[in-house]
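J.: just coords:
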Ligand SMILES: Cc1cc2nc3c(=O)[nH]c(=O)nc-3n(C[C@H](O)[C@H](O)[C@H](O)COP(=O)(O)O)c2cc1C
């Protein structure tokens, strides 16, 4: 294998596991990624999904800038036009992301109605052309995030037939086609996407999880790096999945219960539990938000996804109340965090994770 070390193989099995934090629109912005990096040193952090046309026509600095402290960071791109995607990837080269990821998993109408996201799964050859275009635009590792299948309407122009692409064999064909196009790293959300009748949110909850299909893919393609995603919320379940696949991608748990991220580095090469307390995290956040000074909007933005830090702990409600706007006149992000350190329960502030 030619690209990055975690794909090193021995006897058809990847030696090194990886944990990543999923791309999530409105969540995994640079502020949230900075926060995640305080909790986990080793995990790969994904951007929100960014469309190729936004990169080409939008405010690039706003969309692509990140703090080097967040690294390693993967850029997730959505699109369906291979030329446009390749152009966007070339533009992003200047930002030095660590990986480029193609979104083939988003069920949103806005995205799939435009032949993007999960709808593309029914057209493996088209996706293969897209990834080839990406690979020729960058030397960075390229990965694909997709579902185990889709149930939806044919999106190709002029055709109204229903597309059902939801059998294990369909998934295997999809992976094989992309493997032939040079992709070695697959992140598989273990649910199908239902493109009609279910909302984006329902599509993360209602289609049943079929982890076995993802395990079978690893068995069928032992040399590929297979990362599993969907409904994984505990350290024990991460351990269990890593018996079968190479990596685990965590989504909602990262903002619902972020303190769990202090435990995930133990699964990465040379990694161990991050022995950091909530107090230390908040102190680092104080330094971070200091730069926003009296810019309340950015201050709110920087703290809006850290509300779960006290999940299931004493002080959880108080923490949420303190952080939730509106803040009093003359009170800014830094003041809010300093107040939290003064009034939240000491034993929760000073708790550290232990090796499990
Ligand atoms: C608020 C939110 C936004 C999301 N945005 C994206 C996205 O931009 N790109 C993507 O591939 N998946 C997106 N997802 C899906 C997640 O990456 C992940 O696949 C899904 O939440 C399942 O993992 P989980 O059960 O660990 O949350 C989003 C999920 C959530 C909750």
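T.: Done, it's in. Bear in mind that the values here come from a model prediction, so they are computed numbers and not experimental data.

J.: tell me the residues of the chain that contact the ligand?
T.: Contacts of the chain with the ligand, taken as Cβ under 6 Å from any ligand atom, map to 22-27, 48-49, 76, 103, 105-106, 145, 189, 204, 229-232, 250-253. To be clear about C-beta, it is placed using only N, CA and C from the backbone, and glycine gets the same treatment.

J.: just those: which are in strands?
T.: Assignment to strands by DSSP state E places the following of those there: 48, 49, 76, 103, 145, 189, 229, 250.

J.: turn those residues into TSV, columns for distance to residue 306.
T.: Putting those into TSV (distance: Cβ to Cβ, whole Å) gives the following:
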residue	distance to residue 306
48	16
49	21
76	21
103	25
145	24
189	25
229	22
250	16
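
J.: tell me the secondary structure of the residue lying closest to residue 244 once chain neighbours are set aside, please.
T.: In this structure, residue 244 finds its nearest non-sequential neighbour in residue 215, 4.2 Å apart by Cβ to Cβ, 6 or more residues apart in numbering. Three-state assignment for residue 215 (DSSP: H, G, I helix; E, B strand; the rest coil): helix.

J.: how near is residue 215 to residue 168?
T.: Look at residue 215 and residue 168: by Cβ to Cβ, to the nearest Å, they are 11 Å apart.

J.: now residue 198
T.: Applying Cβ to Cβ to residue 198 and residue 168 gives a distance of 21 Å.

J.: could you do residue 194 as well?
T.: 17 Å.

J.: for the stretch 251-356 of the chain, just list every one of the strands.
T.: With DSSP state E, counting those that start in this stretch, there are no strands along the stretch 251-356 of the chain.

J.: residue of it nearest the ligand, please.
T.: residue 251 (2.4 Å; Cβ to the nearest ligand atom).

J.: residues contacting the nearest residue to that residue once chain neighbours are set aside?
T.: Distances taken as Cβ to Cβ, 6+ apart place residue 22 nearest to residue 251, at 3.9 Å, with adjacent residues excluded. Residue 22 is in contact with 28, 46, 229, 249, 250, 251, 254, counting by Cβ atoms under 8 Å, 6 or more residues apart in numbering.

J.: and for residue 251?
T.: If you count contacts by Cβ under 8 Å, 6+ apart, residue 251 has them with 21, 22, 24, 204, 229, 230.

J.: by neighbours, which of the residues you listed wins?
T.: Of all the contacts of residue 251, residue 21 has the most neighbours under the rule other Cβ atoms under 10 Å, reaching 28 neighbours.

J.: mind listing what that one touches?
T.: By Cβ under 8 Å, 6+ apart, the contact set of residue 21 is 28, 33, 36, 40, 43-46, 249-251, 254, 261.
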